[in-house]
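> A predicted structure for the sequence below; I have some questions about it.
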Amino acid sequence: MRFPTPLVPARLIRRYKRFLADMELESGHEVTAHCANPGSMLGLKQPGMRCWLEPNDDPKKKLKFGWRLIDHENGHFTGVDTTLPNRMLRAALTAHQVPELAAWPVVRPEVKYGQKSRVDFLLTGDGMPDAYVEVKSVTLSRSPGLAEFPDSVTTRGARHMDELAAMASQGHRAVVFFLVQRADCTHVRVAEDIDPAYAAAFTRARAAGVELLSYDCKVSPKGVSLGRPIPAGA
């Protein structure tokens, strides 16, 4: 997915109230950007980090900039907008660009299922078991080449794993899809030390038949696109 508006560079002053970030543009002008990331952004919110913002002139939006990328200034970038993975993956699924999920002709987003959840994607087709796909945006990296999820405690994420396990036990196909929004990681794992409850739910789900798919992304100020499969594990 290409960014519809050219991004502009800035330096992070501070991130606060989860969805707000003060930035300094190259002109020296200070602006507040919308941060579409409810997570802790561990390792990605130090003052002075180089960032890329997407400006907008939408009169309905109070904030005129959206925070899209961290620039690690070594040729690598991290996508911080957690809404991008679902939009990107929806386009890839619809175009049958994910080999493991290419057989399903119908892709439906945000479908109610389980007790009180909405699955990111429900894939259906005549004569095929339904496929429930939950997408997790992965941005944390504490060791070179290793991406980790989650970056903070996620009760909602643990519930999703239990809901997927229930779907698998009913004979459906159930998939958790780790989408690593970084250009500098070659494998991914669950951060058990950050959220033991999520790790336990993940283990239960895998034992119940929930599949794991993990892909990296191509990330640059021009856009973010689906990359290649990467292995899961340390």
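Sure thing, it's come through.

> domains for the chain, by residue range?
Per automatic domain parsing, the structural domains of the chain span 8-79, 84-229.

> the residue nearest the centre of the chain bridge partners, please.
In the chain, the centroid-proximal residue (C-alpha atoms, centre = their mean) is Ser137; its distance is 1.7 Å. Here Ser137 sits in beta bridges with Leu179, as judged by DSSP bridges.

> tell me the buried residues in stretch 124-142?
130-141 (16 or more other C-beta atoms under 10 Å). C-betas here are computed from N, CA, C, even on glycine.

> reformat those residues as a markdown table; add secondary structure.
Below are these laid out as a markdown table (DSSP: H, G, I helix; E, B strand; the rest coil):
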| residue | secondary structure |
| --- | --- |
| Asp130 | coil |
| Ala131 | strand |
| Tyr132 | strand |
| Val133 | strand |
| Glu134 | strand |
| Val135 | strand |
| Lys136 | strand |
| Ser137 | strand |
| Val138 | strand |
| Thr139 | coil |
| Leu140 | strand |
| Ser141 | strand |
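
> dump these into a markdown table; add pLDDT as well.
Converted to a markdown table, these look like this (pLDDT from 0 to 100):
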| residue | pLDDT |
| --- | --- |
| Asp130 | 96 |
| Ala131 | 97 |
| Tyr132 | 97 |
| Val133 | 98 |
| Glu134 | 96 |
| Val135 | 96 |
| Lys136 | 95 |
| Ser137 | 95 |
| Val138 | 96 |
| Thr139 | 96 |
| Leu140 | 96 |
| Ser141 | 96 |
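
> from these, which is closest to Leu25?
Nearest to Leu25, judged by C-beta to C-beta, of the buried residues of stretch 124-142 is Thr139 at 23.3 Å.

> quick one, the longest helix seen in the chain and strand 131-138 angle?
Determined from DSSP state H, the single longest helix within the chain is helix 155-169. Helix 155-169 runs at 150 degrees relative to strand 131-138, counting by axes from the mean of the first three to the mean of the last three C-alpha atoms, to 10 degrees.

> how about helix 155-169 as PDB, C-alpha atoms only?
C-alpha atoms of helix 155-169 as PDB (Å, rounded to 0.1, in the frame of the first residue of the first chain):
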ATOM      1  CA  THR A 155      -6.300  -9.200  27.500                       C
ATOM      2  CA  ARG A 156      -8.200  -8.700  24.300                       C
ATOM      3  CA  GLY A 157      -5.400 -10.600  22.400                       C
ATOM      4  CA  ALA A 158      -5.600 -13.500  24.800                       C
ATOM      5  CA  ARG A 159      -9.400 -13.700  24.300                       C
ATOM      6  CA  HIS A 160      -8.900 -13.700  20.600                       C
ATOM      7  CA  MET A 161      -6.700 -16.800  20.900                       C
ATOM      8  CA  ASP A 162      -9.300 -18.600  23.000                       C
ATOM      9  CA  GLU A 163     -12.000 -17.700  20.400                       C
ATOM     10  CA  LEU A 164      -9.800 -19.000  17.600                       C
ATOM     11  CA  ALA A 165      -9.300 -22.200  19.500                       C
ATOM     12  CA  ALA A 166     -13.000 -22.600  19.800                       C
ATOM     13  CA  MET A 167     -13.400 -22.200  16.100                       C
ATOM     14  CA  ALA A 168     -10.700 -24.800  15.400                       C
ATOM     15  CA  SER A 169     -12.400 -27.300  17.800                       C
END
